[in-house]
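Visitor: The sequence and its predicted three-dimensional model are supplied below.
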Amino acid sequence: MKFETLNAPVARLSESSPVTYCLGFSSPTVLDQPPSAPLETRSDRIGLEITPAMQEARGMDRILIQGGVPLRGEVEISGSKNSALPILAATLLTSEPCVIRHVPDLSDVRFMLDILSHLGAEVSQPDKNTVRIHARKVEGVAPYDLVRKMRASVCLLGPLLGRLKACKVSVPGGCVIGPRPIDLHIKGLNALGAEITVEEGYVVSHAKELHGTTLTLGGRHGSTVLGTDNVMMAAVLAQGTTVIENSACEPEVVDLADFLISMGARITGHGTPTITVHGVEKLHGSDYRVIADRIEAGTFLVAAAITKGDVTLKNISPQHLQSVLRFLEDSGFKVECKGNDVRISCNGATQAKDFATSPYPGFPTDMQAQMMTLMSVTPGVSVVTERVFPDRFMHVAEMQRMGAQIEMEGATAVVKGVDHLSAAPVMASDLRASAALVLAGLVAKGTTEILRVYHIDRGYEHIDDKLRKLGAKIERVSGGG
Ligand code: EPU
């Protein structure tokens, strides 16, 4: 769909200036100047700063959204990114071929496949959501140039150590959502008998043998998802029995455990805080389907809720989203679960509510930014506390630029629901912060321009196409266009 199909004021503007018309402000009444006026002049006139970073970001893909359309219809939820990444890494544990289905078509997945190829695995994609990996032979060095693109590549440590008993994985770089230490990963792998040092930017690990033991992975902010994954993947080929206490209970950890079991691993207790792994000598190939992405599902629930629409999510696991569904219901939205489908609609008053993130089954940190956006236009005051990544508030400043009333104090945000948000050029900073901006754009008055959308493409499969099918007025403008 081209933007010409958008409503009258925008369409009129687009006739004279197909790109610059919608850079932040679609309404001629707001701008009070000819539609062909250059972008900078328009933004300057109403006091918005267009920074050099924004100018540079306009050379890349960006998303334009004209807000105010209630979303309606059905949406198919993709496979889980955070399941798929460690599952793909786990295919290194066997020399037999594995077929992984329902893999989301995302840049993070492509980064992981590049790394697996680099490590020597044969990788092919019979179709866009199916990956075949055959790691007949594996190299043990994952270099910085590949690893730096995706923090989740730290989950190569466990399978490489399990298979080769030695590896060298570049330490992943910093992250805008806050510090991402790997001390618990190292502690867990140490307990299995691996010697680990950090040298010249690499985690260097080796072990004569890995042997089972009882270890604990709890940290200051609760359990660790990828840390649990790493220890579990190393322990499946260790000698004896490993008991992981304070293990993460996230559905993605359970999915990885189920995949490992399908390869012949002996694991019990996954989904509880104590996982037991009985080491086996060898794993075999497997054909496995990844679970649905609960965070993508949650994001679409908020998209429906924020536009006061009526949307059914197909083929998800509602039990993975209990905290989010309960929160939406308590805020006044109507939620109906039927088998693997969830319908959300809005036919009454809604009210702001407080929430705090915590490890599963608590409210997911990966839904904090999106739910905060909903609260920013819901009547009342919501106190939002981030307990998993206390610095994960990159979205706040951009939302404030769109008129959200949010006050920060440490890891707590006080959000006062406003009558409306107004469109602005905004900059995506990380995956979930970007999703929050898309949601803000769906409800804002005017046309929002979201820059640096490569962050969104890391974790949402064709989000613009899916939203458009639900009626959203959204367009992707390719780099330089
Ligand atoms: N932590 C430590 N030491 C460690 C590991 C973690 O102190 O060795 C702390 C972290 O700093 C954080 C908390 O423990 O405060 C939880 O971090 P966790 O290790 O669970 O995060 P992760 O495994 O690195 C995964 C997801 C994240 C998601 C978190 C929390 C993947 C690929 N990533 O990260 O997803 O936010 O669990 O649920 O599974 C996203 O998808 O946008 C995303 C960031």
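Guide: Cool, the structure landed. Numbers count the residues shown, from 1 in each chain.
Visitor: Look at the residue nearest the centre of the chain and give its secondary structure.
Guide: In the chain, the residue lying closest to the centroid (Cα atoms, centre = their mean) is residue 459, at 4.6 Å. Here residue 459 takes the coil state, with states given by DSSP: H, G, I helix; E, B strand; the rest coil.
Visitor: can you pull the contacts of it?
Guide: 81, 106, 108, 295-296, 431-432, 435 (Cβ atoms under 8 Å, 6 or more residues apart in numbering). Heads up, the C-betas are built off the backbone N, CA and C, glycines and all.
Visitor: again, 6 Å this time
Guide: 81, 431 (Cβ atoms under 6 Å, 6 or more residues apart in numbering).
Visitor: Can I take it that residue 253 is in a strand?
Guide: No - checked against three-state DSSP, residue 253 lies outside a strand; its state is helix.
Visitor: quick one, domains of the chain?
Guide: Domains of the chain are assigned by automatic domain parsing as 3-77+293-477, 81-289.
Visitor: Give the rounded mean pLDDT of the last one.
Guide: In this case it means domain 81-289. What domain 81-289 shows for mean pLDDT is 95.
Visitor: Can it be said to contact the ligand?
Guide: Yes - Domain 81-289 lies within reach of the ligand by Cβ under 6 Å from any ligand atom, at 82, 85, 152, 179-185, 219-221, 224-227, 248, 252.
Visitor: Show the buried residues in these.
Guide: Applying a neighbour-count criterion of 16 or more other Cβ atoms under 10 Å, the buried members of the residues of domain 81-289 next to the ligand are 82, 85, 152, 182, 184-185, 221, 224-227, 248, 252.
Visitor: Next, format the residues you listed as JSON lines and append distance to residue 283 and secondary structure.
Guide: Below are these laid out as JSON lines (distance: Cβ to Cβ, whole Å; DSSP: H, G, I helix; E, B strand; the rest coil):
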{"residue": "82", "distance to residue 283": "22", "secondary structure": "helix"}
{"residue": "85", "distance to residue 283": "18", "secondary structure": "helix"}
{"residue": "152", "distance to residue 283": "21", "secondary structure": "helix"}
{"residue": "182", "distance to residue 283": "24", "secondary structure": "coil"}
{"residue": "184", "distance to residue 283": "24", "secondary structure": "helix"}
{"residue": "185", "distance to residue 283": "21", "secondary structure": "helix"}
{"residue": "221", "distance to residue 283": "32", "secondary structure": "coil"}
{"residue": "224", "distance to residue 283": "23", "secondary structure": "coil"}
{"residue": "225", "distance to residue 283": "22", "secondary structure": "helix"}
{"residue": "226", "distance to residue 283": "20", "secondary structure": "helix"}
{"residue": "227", "distance to residue 283": "21", "secondary structure": "helix"}
{"residue": "248", "distance to residue 283": "22", "secondary structure": "coil"}
{"residue": "252", "distance to residue 283": "19", "secondary structure": "helix"}
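Visitor: Can I get the residues you listed in a markdown table including distance to residue 207?
Guide: A markdown table is the format used below for these (distance: Cβ to Cβ, whole Å):
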| residue | distance to residue 207 |
| --- | --- |
| 82 | 27 |
| 85 | 24 |
| 152 | 23 |
| 182 | 17 |
| 184 | 18 |
| 185 | 14 |
| 221 | 28 |
| 224 | 20 |
| 225 | 23 |
| 226 | 20 |
| 227 | 17 |
| 248 | 23 |
| 252 | 26 |
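Visitor: Show me which residues of stretch 189-202 are buried.
Guide: 189, 191-194, 196, 202.
Visitor: Kindly report the same for stretch 107-116.
Guide: Those would be 108-109, 111-116, for stretch 107-116 by 16+ other Cβ under 10 Å.
Visitor: got a pLDDT number for residue 30?
Guide: Reported pLDDT at residue 30 in the predicted model: 28.
Visitor: From the chain's centroid, how far away is stretch 80-99?
Guide: Taking the mean of its C-alpha atoms, stretch 80-99 sits 18 Å from the chain's own mean (Cα atoms, centre = their mean, to the nearest Å).
Visitor: Identify the residues contacting that stretch?
Guide: With Cβ under 6 Å, 6+ apart, stretch 80-99 has contacts from 100, 103-104, 106, 108-109, 112, 132-136, 138, 152, 155-156, 159, 162-163, 229, 233, 252, 255-256, 259, 263, 283-287, 290-291, 293, 459.
Visitor: From the residues you listed, list the buried ones, please.
Guide: 100, 103-104, 106, 108-109, 112, 132-135, 138, 152, 155-156, 159, 162-163, 229, 233, 252, 255-256, 259, 263, 283, 285-286, 290-291, 293, 459.
Visitor: Out of those residues, which sit inside strands?
Guide: 100, 132-134 (DSSP state E).
Visitor: between these, which is closest to residue 333?
Guide: Proximity of these to residue 333 (Cβ to Cβ) peaks at residue 100, which lies at 34.3 Å.
Visitor: what's near enough to touch the residue nearest to that closest one when sequence neighbours are not counted?
Guide: Nearest non-adjacent residue to residue 100, counting by Cβ to Cβ, 6 or more residues apart in numbering: residue 131, 4.9 Å away. By Cβ under 6 Å, 6+ apart, residue 131 lies in contact with 100, 103, 125.
Visitor: which residue ranges form the strands in the stretch 351-481 of the chain?
Guide: 355-356, 381-385, 405-409, 412-416, 425-427, 447-451, 473-477 (DSSP state E, counting those that start in this stretch).
Visitor: In a markdown table: those strands, plus mean pLDDT and distance to residue 268.
Guide: Below are the strands of the stretch 351-481 of the chain laid out as a markdown table (pLDDT from 0 to 100; distance: least, Cβ to Cβ, whole Å):
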| stretch | mean pLDDT | distance to residue 268 |
| --- | --- | --- |
| strand 355-356 | 98 | 31 |
| strand 381-385 | 98 | 34 |
| strand 405-409 | 97 | 43 |
| strand 412-416 | 98 | 38 |
| strand 425-427 | 93 | 46 |
| strand 447-451 | 95 | 44 |
| strand 473-477 | 95 | 45 |
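Visitor: burial count for residue 343?
Guide: Counted with other Cβ atoms under 10 Å, residues neighbouring residue 343 total 16.
Visitor: ditto for residue 417
Guide: 18.
Visitor: Also residue 206?
Guide: Residue 206: 16 neighbours (other Cβ under 10 Å).
Visitor: what does stretch 364-372 rub up against?
Guide: By Cβ under 6 Å, 6+ apart, the residues outside stretch 364-372 that reach it are 295, 298-299, 302, 324, 357, 384, 386, 388-389, 395, 415, 432-433, 435-436, 439.
Visitor: on that earlier part again, okay, the strands of the stretch 351-481 of the chain, which one's buried deepest?
Guide: Neighbour counts (mean count of other Cβ atoms under 10 Å) averaged over each of those peak at strand 447-451, with a mean of 27.
Visitor: Right, I'll leave it there.
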